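>>> make a model of this:
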Amino acid sequence: MGDPPSPFDTPRAVASTDGVDLAVYDLGGTGPDLLMVHATGFCAGVWEPLAERLQGFRRAALDVRGHGRSSTPASMSWDGTGRDVLATVDALGLERPVGVGHSMGGASLLMAELARPGTFRALWLFEPIVFPHPLPEAISGPNPLAHGARRRRPDFASREAAFDNYARKPPLDELDPASLEAYVRYGFLVRDDGSVTLRCRPEVEAATFEMGPQHRTWERLGAVGCPVTVVRGRVEPGPAALAPGIAERLPHGVLEEHPELGHFGPLQDLDGTARSIRDAVTRAA
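Predicted coordinates for the structure are as follows:
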């Protein structure tokens, strides 16, 4: 795997709340501002192949707290990830950007817009994690995603070994190879001997999953004033099931369905995702 120069190699340090130092990336470009926010366990760099398909925007991204090159607070909070989004908007001087969010990233964008109405001109959210309260009995017990994260293998002999491991088994075998390569490049720290270790530690990923059902964004969706495209993949237990209810509660919500995709849809179909985002921007114009 060669490493040509990339804006994702040179983050800007930005102070957020709770003593967190964020890694923020200005990817350049001309046109409307666009901010990309990743899912739990990932990092800003995983967006690189999609960002390349979104010419005509000034693109930016961030590593939310505990992920990528950003620091980790004493305790994880999804309200905190919303504040990370606002800190990025302010630091980069983004003007009413389009927000693109995947899973946790989608929830973070909604929380940012609710905290500061009018921040975004439009949101494109793939299966945002916004649970109704009280929590359904099926998800009120132990969190299986957190359990799986704690068991995640953090170390590999090389980037190539990590890529080969993920490419052979679910769920990351569904990713477009370019997305998977970007995850391995930017989501791992390379040691002096060439071995690699996850930047988002398994215990931090687990804590993030555990906090996912706790934020109370569901009750406030009616206060989101900007147009929001809520996108989901095939219907199966998990975030896809939440999408229709989220879209229905949003005053300017639109549900878009892609049954050919799974929960990692934005990292599976790069060209289709780019088209969907452009369509959402056109509708919001």
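
>>> report the contact partners of Leu110.
82, 101, 123, 125, 128, 130, 217, 221, 224, 228 (CB atoms under 8 Å, 6 or more residues apart in numbering). All C-beta atoms are positioned from the backbone trio N, CA, C, and that covers glycine.

>>> and the helix or strand where it lies, what's buried?
Using DSSP states H and E, Leu110 sits in helix 104-115. Neighbour counts over helix 104-115 (16 or more other CB atoms under 10 Å) mark 104-114 as buried.

>>> reformat these as CSV; add pLDDT and distance to Asp192.
What follows is the buried residues of helix 104-115, written out as CSV (pLDDT from 0 to 100; distance: CB to CB, whole Å):
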residue, pLDDT, distance to Asp192
Met104, 97, 32
Gly105, 98, 32
Gly106, 98, 37
Ala107, 97, 37
Ser108, 98, 34
Leu109, 98, 37
Leu110, 98, 41
Met111, 98, 39
Ala112, 98, 38
Glu113, 98, 43
Leu114, 98, 44
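
>>> against Val190, how distant is Gln268?
26 Å (CB to CB, to the nearest Å).

>>> ugh, wrong one, I meant Glu205
On the measure of CB to CB, Glu205 and Val190 end up 20 Å apart.

>>> for stretch 196-206, measure first residue to last.
One end of stretch 196-206 sits 20 Å from the other (CA to CA, to the nearest Å).

>>> hmm, who's touching that stretch?
Contacts of stretch 196-206 (CB under 8 Å, 6+ apart): 40-43, 66-69, 72, 76, 143, 145-147, 149-152, 154-159, 162, 184, 187-191.

>>> buried residues in stretch 13-30, which are they?
14, 16, 18, 20, 22-27, 29.

>>> can I get the strand or helix carrying Thr229 as PDB, trimmed to CA atoms?
Using DSSP H and E, Thr229 maps to strand 228-232. Output in PDB follows, covering the C-alpha atoms of strand 228-232 (Å, rounded to 0.1, in the frame of the first residue of the first chain):
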ATOM      1  CA  VAL A 228     -32.800  16.200   6.200                       C
ATOM      2  CA  THR A 229     -32.400  13.200   3.900                       C
ATOM      3  CA  VAL A 230     -32.500  10.000   6.000                       C
ATOM      4  CA  VAL A 231     -31.000   7.100   4.100                       C
ATOM      5  CA  ARG A 232     -31.200   3.500   5.000                       C
END
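
>>> could you give the average pLDDT over it?
Strand 228-232 shows an average pLDDT of 98 in the prediction.

>>> which helices and strands does it pack with?
Under the contact definition 3 or more CB pairs under 8 Å, 6 or more residues apart in numbering; DSSP states H and E, strand 228-232 sits against strand 122-126, helix 243-249, strand 253-257, helix 270-284.

>>> angle of the longest one against strand 228-232?
Orientation note: helix 270-284 sits at an angle of 150 degrees relative to strand 228-232 (axes from the mean of the first three to the mean of the last three CA atoms, to 10 degrees).

>>> next, the buried residues of helix 270-284.
Buried, per 16+ other CB under 10 Å, within helix 270-284: 270, 273-274, 276-278, 280-281, 284.

>>> wait, which of the residues you listed is closest to Pro97?
Using CB to CB, Val281 comes nearest to Pro97 of the buried residues of helix 270-284, at 10.6 Å.

>>> low-confidence ranges, the stretch 1-150 of the chain, go.
Within the stretch 1-150 of the chain, the stretches with pLDDT under 70 are 1-2, 135-141.

>>> at 90 instead, please
1-5, 77-78, 133-149 (pLDDT under 90).

>>> could you pull out the helices in it for me?
Under the criterion DSSP state H, counting those that start in this stretch, the stretch 1-150 of the chain contains helices at 48-52, 78-92, 104-115, 144-150.

>>> send the alpha carbons of the shortest one over as CSV?
What follows is the C-alpha trace of helix 48-52 in CSV, where atoms were taken according to Å, rounded to 0.1, in the frame of the first residue of the first chain:
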residue,chain,number,x,y,z
GLU,A,48,-11.3,9.9,1.5
PRO,A,49,-12.6,7.9,-1.5
LEU,A,50,-16.0,9.5,-1.2
ALA,A,51,-14.6,13.0,-0.8
GLU,A,52,-12.8,12.5,-4.0
